[in-house]
Structure formats: structure tokens, C-alpha cells
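# Provided below for reference: sequence and predicted model.
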Amino acid sequence: MKNLNNEFQEVFGTAKEPSQFFAPGRINLIGEHTDYNGGHVFPAAISFGTYALGSKRNDLKFRFYSMNFAETGIIECDLKDLRYKEKHDWANYPKGMIKYIMESGFPITRGADILYYGDIPNGAGLSSSASIEMATGVLLENLFDLEIDRIQMITLGQKVENDYIGVNSGIMDQFAIGMGKLDHAILLNCQTLKYEYAPIKLDNHAILIINTNKQRTLAGSKYNERRTQCEHALRDLKTELAIDSLGVLTSEQFEQHKHLIQDEINRKRARHAVTENVRTVVALKKLQAGDLGAFGKLMNESHQSLKYDYDVTGVELDTIVEAAWDVEGVLGARMTGAGFGGCAIAIVEKDKIENVKQHVNTTYRNTVGYDATFYTAAISDGAKQMTEGVL
Ligand code: GLA
């Protein structure tokens, strides 16, 4: 943190001591593409994230600098003009947060200098953008003495994605990052926003995160298309069913009524949304009962459903996940996040981690021609201020 402080002072040419904040990234254990379908998700905040250091200015200028994009230099804007600008690149995320916090009636009356440093690999599907949004949210809240309800801050982060950036994403990422708790995952009902924390006790297992190193951006992916396909499926089901979302259906109800969905592809998309939601609720129970083996099997089924019914995995994620399944000591593996590249996760016996890395990477390199990257992350707290450089 001392280095970040020095960097802040150097970049902005000031002797001020900035306040320090951290927002994690997230993994999702199970419950994929269910959030915008009114279903359940089961994510956890991780120890990789975004550090944001900031101090108020005496004028109306905001200056942003990211050590991850040092070549871009300082990006500047005025409090009076917070419109989205292509050339502002990554700084559109903090700009969007400032805009929507102000529009919600919180007084931001002056500008600020903000430095960011993130250790979440970019485009890895670990929610680096939601992490920047939430780091900015807690920073603004603190610098300007605003008391923003955490759930409201989370929904403002989602609004930045949806309305400011133009990605129709659900609430999962900002929620996991805003509400994360050390050593706990969060079962969230995305329709009601009711949630419960579940301790993650893995005993002699660890969560291995495996990056395909195939970058993807949601805006350029088929994400919005999947969402529309589910909306069409719901619209067809509503001709006979009084439902608001796919998330309220049991698998049996879906089987009985799926003929209402006109388009065969939309029917598959909806089947994923329904079965994945059911799996997620069961997964929590298995975890609570200490049945990690059953939890792992549900992860595997989740991946199959995302591959065959939802079609968001691709050769990179499939190669990694299927190679992981082959190794003794792997309880379960699946893609995590939106898909189309990004990361997979696996629950692995601690003393088998090296075997998994070796087998997965060799298979991966032989199939796609480059290496995967492996991380073990701790499950950590949500976005917060740091005191004296300590999380
Ligand atoms: C992305 C979105 C989330 C969620 C996942 C898929 O991470 O931002 O809202 O839809 O994809 O589960």
C-alpha cells in the first residue's frame, strides 16, 4: 500500500495522503445465467480485486489513473459532464458510478483524484468491471460522507453496466462484490434479493481458478442474445402460465409446459435457466450437509448444461473442464461467470493440485496451442475501506 500511496502522490503531483479502498473480484460456484432469469446464484468474493486510492479536490475535476493502463495516462473529466465517452475507455466505469450516485440524490459537490490498481486478470470473467464500480462506490461514499445503502450501491453498479456501458447483465457480480464475506459464499435469490451466507469449509480441498487466457468482453459476446432468447421463452410460457420469470419453475413444471416455447433453441436456453436454478438450490443443501462430492457433481452437471443447452462454453473452457474431470482428486469443475472464454473453477484435493495443473495444462496446450493460468484464491470480504493499508 505504501507503494500505491507513493504512486498516487507521484502521478497526481500532490503530497496528500489518499484514503484507500478495496473491492474484490468474484467467482460463481454454481448458478450461471440464472440471475437475469429470476433464479438463484451462489457466488463468493475473492482475494483478487481492485485497490482505489482517492482524495478530494477543490474544483470540479475528476482525474482517474490506472496502474494497469499506465500507457493511457491520466483521464480527466468534469463533474458537469459525465456523459459516456468512448475515448475514456475503462474510466467510463467510475464516471458512470459518479453520475448515478449523484442522480440518486447524493451530493457530490467537488472533484477527486483517484488511482486504481487491480490484480484481477483482465477479461478473465472474474468481474473486474464490477470490482471497479464497487471500489469507486465505497470511495465516493467515504470521501463525500454519503450514506449509501449497500444494496442501492449494488443496483447502481448494475445500472452502470446496463444503461451506461450497454451490457444487459444481472445483479450477481455487484452483489457478490458488495456483500462478500470472508470464507462464505452467498446464495442469492435474484428475484427477491433475499440472500443467505453459507460457510465454505473445504477441509483438505481448495478452489482452483483456471484461466483460459481467452479474453472476452461481454459487450462483444453473445450475452445479450442469450438474455433475449430467455425472454422470448418466458413470453411463450406466459401464454398459459402465470409466471414472472423462469426462476420460479420446477423442472417438472418446465417439462410439462416446454411445448409452449415455439423455438427449439429458446427451449434449450430456458431448460438451462430452469435446471441450473434447481441445481443451485440443491447445491447449497449439499454443502450445508458437508457433502462436497455431491456439490462437485452438480458443478459438473452445470457445465454440461451450459455447454449443450446454453452454448456459452466453447473449446477453451470445455478442454479445461473436461481435462480436470479426468484427474483423481477433482470433485467438480465448471466454467464460471458469463462463459465464452474467461475462467473455470475446480474443487480439488489439496495434494492433487499439482497433478491437475500439469494434466490440464498439457491437454490445453495440445488442443488450443497456448497455456492456461492457475490461481488459488481465498474467499474474502466485500468492498470496503482499508485502514492503514490493511484489508
Ligand atoms: C456475467 C454477468 C452476470 C451473470 C453472469 C452469468 O458475469 O455480469 O450478471 O449473468 O455473467 O451467470
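Yes, it's here.
# looking at this, Ala185 is in a helix?
No. Going by DSSP: H, G, I helix; E, B strand; the rest coil, the assignment for Ala185 is strand, not a helix.
# Okay, and the closest residue to it other than its chain neighbours sits in which element?
Spatial nearest neighbour of Ala185, chain neighbours left out: Ala44 (4.0 Å); criterion: CB to CB, 6 or more residues apart in numbering. Placement of C-beta: from N, CA and C, glycine included. Ala44 is part of strand 43-56, with elements assigned from DSSP states H and E.
# Adjacent strands (with direction) for the helix or strand following that strand?
Note on strand 43-56: by DSSP H and E, the next helix or strand toward the C-terminus is strand 61-66. If you go by DSSP bridges, strand 61-66 pairs up with strand 75-78 (antiparallel), strand 112-118 (parallel).
# residues of the first one that come out buried?
Okay, so that is strand 75-78. 75, 77 (16 or more other CB atoms under 10 Å).
# And stretch 88-105, by the same measure?
Residues 88, 90-102 are the ones in stretch 88-105 that count as buried (16+ other CB under 10 Å).
# again with stretch 104-114
For stretch 104-114, a neighbour-count test (16+ other CB under 10 Å) marks 106, 108, 111-114 as buried.
# For these, please prepare TSV with the additional fields distance to the ligand.
Putting those into TSV (distance: CB to the nearest ligand atom, whole Å) gives the following:
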residue	distance to the ligand
Phe106	24
Ile108	26
Gly111	29
Ala112	27
Asp113	29
Ile114	23
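# quick one: which of the residues you listed is nearest Ile75?
Distances from Ile75 to the buried residues of stretch 104-114, taken as CB to CB, are shortest for Ile114 (10.0 Å).
# For the closest one, name its beta-bridge partners.
In beta-bridge terms (that is, DSSP bridges), Ile114 pairs with Gly54, Phe64.
# Would you point out the most distant pair within the buried residues of stretch 88-105?
Trp90 and Met102 (20.2 Å).
# Put together a markdown table for the strands paired with strand 61-66, with mean pLDDT on each row.
Output for those, formatted as a markdown table (pLDDT from 0 to 100):
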| stretch | mean pLDDT |
| --- | --- |
| strand 75-78 | 98 |
| strand 112-118 | 98 |
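# ok so, going back, which two among the buried residues of stretch 104-114 are spaced furthest apart?
The distance between the two most remote of those (CB to CB) is 19.5 Å, for Phe106 and Asp113.
# Output the set of residues of the stretch 1-150 of the chain in proximity to the ligand.
28, 32-33, 35-36 (CB under 6 Å from any ligand atom).
# From Ile207, how far out is the residue in the stretch 201-350 of the chain that the ligand sits nearest to?
Residue nearest to the ligand within the stretch 201-350 of the chain (CB to the nearest ligand atom): Ala338, separated by 3.4 Å. Per CB to CB, to the nearest Å, Ala338 is found 19 Å from Ile207.
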